[in-house]
Each structure stands twice: as structure tokens, then as C-alpha cells.
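[1] Sharing a model prediction with you, sequence too.
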Amino acid sequence: MNTLTNQHSIPDLGLCWWSFAVRGGLAALFGVVLFFVSSFLGIFFFDRVTLVYLSVLLGFFVLGNGLLLAVSGFFAFEHHLHYWWLVLGEGCFALLLGVYIGISLMLTPQSLAFLAGIHAVGAGCFQFALAIKMRDDRGNLLLLAGAGVIALAVGAGLLTHHNLAPRFTTQVLSGFELFGGMVWMIFAFRLRS
């Protein structure tokens, strides 16, 4: 039995399919760039230079993701969509985390894993919240809830194993972002069609 708000959740989200597609594309691009940076940059430069570069890269990605989510949240608010507060909340979380990463440029391997873990746990929580909002659509519910479980697992792993080598941490983060980008692009495609 559908309630009135749940009957309109898919058409409402269909208005913002572009924001999920752009978010997915940026996450996939960031995942690929991060993988190559972590694979090759450590060979040519010292670890300290690599960590500063990775902190700038991670900070810009999280900040850009937060700005995109904030724009999507204001767009959803302007069009009176029922989930605007959720997208705006995730945008504020990502903006604050991105600013913090940008301010603390001198990351250590432990703080890189810690901040990446916070990013993944936050993404997982907001994916679960969006999955709950879409509970009447089983396909999107399973897609977002499954991605949320994986995000929480990656985040918990990075938070509890923060003493790993920076190369391994960045490769795990790049795989997570590539996976997240694919999920958001599939979600956008499902909303568009």
C-alpha cells in the first residue's frame, strides 16, 4: 500500500537524474585518477609530497561533491521535492569534510585513512537514508541499500585499520569511489528511464 508521498518519489527524483549522473561520473573519474596517482606518484616522489598531493586531491573531490549536492538540494527545495533536506544534509556534511581536508593539508598516512573512512561512512549513511525514502521501489532500494552496506564496510575498515600503508589506503578508496560512481550512474539511468 503506497502513501501519497511515496507514490511521487520516483517522478520527483527523476527531475534530478542529472545530479546523480554527474556525481557518479565525477566519482568514477576521481577513482581512476586516485588509483593512478597512488600507483605511480609514490615511485617518483617522497611520501610527504605524495600525501600532500593526495590530500589536495581528496579535499577538492569531497568539496566538489558537497557543492554539487548543495546545488541539487537547493534545486530540489525550489521544486518542492520531498527529499531536499536529505541531499542538502549530505552536501553540508561533504562541504565541511572537504573544507577540513583542505585546511589540514599535511596529512599523515593515519589521518588519510581516518578522513577517507569518515567520508565512506557518511556516504553509506546517506545512501541508506535515500534507500529508505525509496522503499516502495524494490530495485532502487536494493541498489542503494547494497551500496550503503559496502560504503559502511569500507568506512569501518578504513577507520579501524588506519595504520595501513598510504598506497593501500588510496587504492581501497579509489576502488570504493569507482564502485560508488557506477552505482550513482546506474541509479541516474534508472531514474531517467
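    In hand now; what should we look at?

[2] In three-state terms, how would the most centrally placed residue in the chain be classified?
    In the chain, the residue lying closest to the centroid (Cα atoms, centre = their mean) is Ala123, at 5.0 Å. Under DSSP: H, G, I helix; E, B strand; the rest coil, the three-state class of Ala123 is helix.

[3] Just the pLDDT at it, thanks.
    Confidence at Ala123, expressed as pLDDT, is 92.

[4] burial measure for the closest residue to it other than its chain neighbours, as a count.
    Excluding its sequence neighbours, the residue lying closest to Ala123 (Cβ to Cβ, 6 or more residues apart in numbering) is Ala151, at 4.8 Å. For glycine as for every other residue, the C-beta is placed from the backbone atoms N, C-alpha and C. Other residues within reach of Ala151, judged by other Cβ atoms under 10 Å, total 24.

[5] Who are the contact partners of Ala151?
    By Cβ atoms under 8 Å, 6 or more residues apart in numbering, the residues touching Ala151 are Ala120, Val121, Ala123, Gly124, Gln127, Phe176, Gly180.

[6] hey, where'd the helices end up in the protein?
    With helices called from DSSP state H, the chain shows them at 4-7, 9-14, 17-44, 47-78, 84-103, 109-133, 138-160, 166-192.

[7] per-residue confidence at the nearest residue to Thr169 once chain neighbours are set aside?
    Spatial nearest neighbour of Thr169, excluding adjacent residues (Cβ to Cβ, 6+ apart): Ala113 at 4.6 Å. pLDDT, Ala113: 84.

[8] and what of Asp47?
    Here the pLDDT value assigned to Asp47 is 65.

[9] No more questions from me, cheers.
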